[in-house]
Every structure is written in structure tokens, then in C-alpha cells.
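# Have a look at this fold, sequence not included:
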């Protein structure tokens, strides 16, 4: 997920989250689900040890346990290194058991590709996702459309909107033919295509797709309700881009109220909403409210979110930029310096996220010097 400062267009967020949800939808609030999975964590180890004892460590019959354990570690517990090790082990077993061009191997390629995407290793993820798509497409697998969507999400996040949009449209056509126009299986492709159209400032078409996703998630099984909330974030970003600021404000208020009531005041997803709401308030010139929203978001993230994650860094940078514009240079400078340091560690020196944080810090130092 990306975070968007006031100046660039908000392209929409939530692709990685929606992709993860498409693999691992389960009932219940996300925070409560994570607690349950944390309690089950030792059980997964026991089940895997038992399966290995019964069938052997490299037998294909242990794959089901490995897959479930790895996806739980990734999606619900954010234990990415352990999940990756299990996924690579599953890939090796599948290659030996089924052959390197089998549909089973395509499954492992996609699992691993999604994890690498989520952990900001997209250059390593892309070849795996292309291999999965090629294998499934050649075999005529019904999962071909899903592979298209997964790859398209990566392309969109690496600013290859044209190629991504083509894949989203192809996938939607296949999914609508296979499942009908009202299936929840269309949700991730619809959201991704809407995000592409938002970037292109085709707001009317994008809004129609976002509202279609929200309607599908509201009428689908309960696990999809959280997906609908994520897409409402994207719609609010679109309304902001389209300068429909009062509509965006009302939508953010409704999302905050829903998340506070449903998940509690320390829900990590609420931090996303509050940060975006703060960006909107910043655009509107409501600096005091913007600072309150962003400070509250950071308080949640400091408790719940690893500081090296993308959203943590971008929220920190947005708060520092806001404080600088308010003339609170002494508060802003250490925040922006920390944002620059974390961005360098996460993205590298030459990436635009790092450049953006450095630019904000440079402007702050210049203005502070001018006033001193």
C-alpha cells in the first residue's frame, strides 16, 4: 500500500491487501483474527512435524500444511522471513514431485511472488509471477485470470499503468464469463483497474468501478466487508483528486466511525484512515485537525506497525511535512530526518519515496535558515 502526500494524485491503495485477502479470507475482525492465528502458531508447527513424521519431509502430502502455515505467517502474523522459507521449500517439493512446468509449481511461484511484492522486492517477484501466468495460461487453467490480476497489481505499483490496465481488463473479461458480473471473485481486478483509471484522472469510470466493488463486498460473505472498507479508502482518494473534498471528508468520517466501532481504537487499519484523513485536512488547510489525525495514526503505528514498513515511513514523512508548513520546525526536523533514514533503508537512495522525504527536509532547513 502506498501513502500519498498532498501534492501528487492519490492513485488508490490496497492492492497488496486485497491480493492477500483473496488468498486467505477468514471471518472476524482482522486484529482478532491475528490473535487467534498467533495462538495457533505452535499448533501449525506440531501439525507440520506430524505430517513430516508420517510422510517424510519432502513428500508432496506435506504441501497442504506448509502452504497454510506459510500464508498464515504472511497474512495474519507478518512473519515474512519464516513464511518465505516455507514457500521456497514448498516450491522445491513441487518441482521434484510434479515437474517444473506444472500447475502445482505455478501455485508456489504465485505464493512466493505475492510475498516478495508485499515485502517491497518487486524486481524479484515479477519473474515468478510471469512464470506462474505463463504456466497457467498454457494449460488453460481457470486460475489464469487470477495470475493476470496478481501480475497487473505489481505492474501498477511500479508505474507501468498501460500494461497493468490491459491485464486487468483481460482478467475481468475472463472472470465475468466464468463467474458472472456479480461474483466476489471480480473484486481485486475491479479495484486494480479502478486504481489505474484514477491515475489517468478518468474519475467517472474509476468511481463507477469502486462503487461496484463496494456493492459486491457489502452483499458478499462477511469476510469481504473489510475489503469494502479498504476500497472506500480508494474512493475517498479519488474524490480528493477530483476536488470533491467535502464528499471525501464525509466518507473518511464514516470509515473512521466504522473501524472504531468494529475493530477498536488501536486497529492498524484505522491508522491508515486517520493518516489519509490528515492528508485531506492538510489539503483543506485545516492544519490543527490534520496534525491531530496524523499524530493519532502514528501512535497506533508505533504500537502495532514495524517502523520499516512502507506505510509507517510515508505517514512519518507526511507528519513532518505538515509540521514544517505549520512553522513547527523544531518538531518537524527530527521527524523528517527519521523518515529520510528509514526511506533510505527501505527503498534505497535513488527511489522517489526517499527523494520526496529528502525534498521535504531540504525545504524545512531552507525555511528555518531564512527565519533565523
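Thanks, I have the structure now. Remember, it's a predicted structure, so these values are computed and weren't measured experimentally.
# Relative to residue 49, how far out is residue 243?
58 Å (CB to CB, to the nearest Å). Any C-beta I mention is one placed from the backbone N, CA and C, and that applies to glycine too.
# what's next to stretch 201-219, contact-wise?
Residues external to stretch 201-219 that are found in contact with it (CB atoms under 8 Å, 6 or more residues apart in numbering): 9, 12, 182-184, 186-187, 190-191, 193-195, 197-198, 224-225, 227-228, 231-232, 234-235, 238, 241-242.
# The residues you listed, buried ones only, as a PyMOL selection?
Buried residues within the contacts of stretch 201-219, by 16 or more other CB atoms under 10 Å, are selected in PyMOL with:
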select buried, resi 12+184+186+187+190+191+193+194+195+197+198+224+227+228+231+232+234+235+238+241+242
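# Under the pLDDT cut-off, which ranges of this structure? List them.
Low-confidence segments of the chain, defined by pLDDT under 70: 1-41, 220-224, 304-310, 346-372.
# Please, which helix or strand holds residue 141?
For residue 141, there is no helix or strand it lies in under DSSP states H and E.
# For it, list the residues it contacts.
Contacts of residue 141 (CB under 8 Å, 6+ apart): 103, 106, 135.
# If we use 6 Å, what do you get?
residue 103 (CB atoms under 6 Å, 6 or more residues apart in numbering).
# before we move on, what about residue 269?
residue 259.
# neighbours around residue 57, how many?
Residue 57 sits with 12 neighbouring residues when counted by other CB atoms under 10 Å.
# for it, helix, strand, or coil?
What DSSP: H, G, I helix; E, B strand; the rest coil gives for residue 57 is coil.
# and what of residue 100?
Under three-state DSSP, residue 100 comes out as coil.
# quick one, phi psi at it?
phi -70, psi -20 (degrees, to the nearest 10).
# now residue 79
Torsion angles, degrees, to the nearest 10, at residue 79: phi -100, psi 80.
# Let me see the contact set for the spatially closest residue to it that is not a sequence neighbour.
Spatial nearest neighbour of residue 79, chain neighbours left out: residue 73 (4.2 Å); criterion: CB to CB, 6 or more residues apart in numbering. Contact analysis of residue 73 by CB under 6 Å, 6+ apart lists 79, 82-83.
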